[in-house]
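Asker: Build the 3D model from these lines:
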Amino acid sequence: MNYQTIQYAVTDSVAHLRFNRPEKMNSFNAQMHDEISAALDTVERDKSIRVLVLTGVGRAFCAGQDLADSEVQFTPGQLPPDLGDVVERRYKPLVNRLVNLRVPTIAAVNGTAAGAGVSVALACDLVIACQSAGFMLPFAKIGLIPDTGCSWHLPRHIGQARALGLAMTGNKISAQKAADWGMIWEVLDDQAFVAGVDVLAQQLALMPTHALVRTRQAMRLAHTHTLEQHLSYEGMLMRELGRSADYVEGVSAFLDKRKPNFSGS
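Answerer: Numbering: from 1, shown residues only. Below is the predicted model:
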């Protein structure tokens, strides 16, 4: 596919999807949603891919929804479009794709993340940011709520008090504060950022992919279970993974004192 609003490439089993509207701080429009969906279809089909990295081109990761896009644009005095419809058609499918993707996902926040940009980052398994990056939820400043799963993910990451503070004030926080609060996994110096993301992606690419995805699934579902229910759920996943080729390889490599060669199955 001839992408215009994203860049997509695969290197050493790692798919790199870069938001590519730098003049608009990589904000979402309808075309970008369509192109991201097509790229994720490719990730699902291509079994050689073991990790997906999301990042941005230029100085921003993603500034959220482009308010000039035809799907949301309106003239004051006119009836605004149905934003709930946009969420249902565009953002809900995107978040569901990311949280259920067959490979681990990394959000590499290379600059400003705002609005739905924060939400999409939080839908990924690991969020790593450069030191100069920042996170902001400006929804309340235009009379909206944090959407795209943000009001679900954020309190679970940092607690309700901090989540409400960010959402109600719209204040920007630094990458370091986001890490200190448990909102993201790691902060790297700007000069070391690209190399650090590559190291993390390659580390995950060499690991047992299916086990990583099941780990994500177990942790995301934990709050919906009682302890007794979750112990049984863990047992079900262990039964499945304990009969996988990667488990056999992992144990064999441990006993042979060699590095494992996981297939991702």
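
Asker: Taking the centroid of this structure, which residue is nearest it?
Answerer: The residue lying closest to the centre of the chain (C-alpha atoms, centre = their mean) is Cys124, at 2.3 Å.

Asker: And that one, how close does it get to Leu17?
Answerer: Distance, Cys124 to Leu17, using C-beta to C-beta, to the nearest Å: 11 Å. (Glycine included, C-beta is placed from N, CA and C.)

Asker: Also Gln65?
Answerer: 18 Å.

Asker: Helix, strand, or coil at the closest residue to Asp147 other than its chain neighbours?
Answerer: Excluding the flanking residues, the one nearest Asp147 by C-beta to C-beta, 6 or more residues apart in numbering is Val87, at 5.6 Å. With DSSP: H, G, I helix; E, B strand; the rest coil as the basis, Val87 sits in helix.

Asker: hang on, isn't Leu144 packed against Leu83?
Answerer: Yes - contact criterion C-beta atoms under 8 Å: Leu144 and Leu83 qualify, at 7.4 Å.

Asker: Show me where the stretch 101-250 of the chain has its strands.
Answerer: Assigned by DSSP state E, counting those that start in this stretch, the stretch 101-250 of the chain shows strands spanning 105-109, 112-114, 126-130, 134-136, 173-174, 186-188.

Asker: list the contacts for the residue nearest to the centre of the chain?
Answerer: Leu54, Leu98, Thr105, Ile106, Ala107 (C-beta atoms under 8 Å, 6 or more residues apart in numbering).

Asker: go again using 10 Å as the cut-off
Answerer: 52-54, 98-99, 101, 104-109, 184-185, 216 (C-beta atoms under 10 Å, 6 or more residues apart in numbering).

Asker: buried set for stretch 52-65?
Answerer: Judged by neighbour count using 16 or more other C-beta atoms under 10 Å, the buried positions of stretch 52-65 are 52-58, 60-65.

Asker: Okay, helices next: where are they in the stretch 1-150 of the chain?
Answerer: 30-45, 83-86, 92-99, 116-122, 150-158 (DSSP state H, counting those that start in this stretch).

Asker: Tell me which of those sits nearest to Leu212.
Answerer: Nearest to Leu212 among the helices of the stretch 1-150 of the chain is helix 92-99; the distance by C-beta to C-beta comes to 13.4 Å.

Asker: Walk me through the domains of this protein.
Answerer: Listed by automatic domain parsing, the domain ranges of the chain are 6-205, 209-256.
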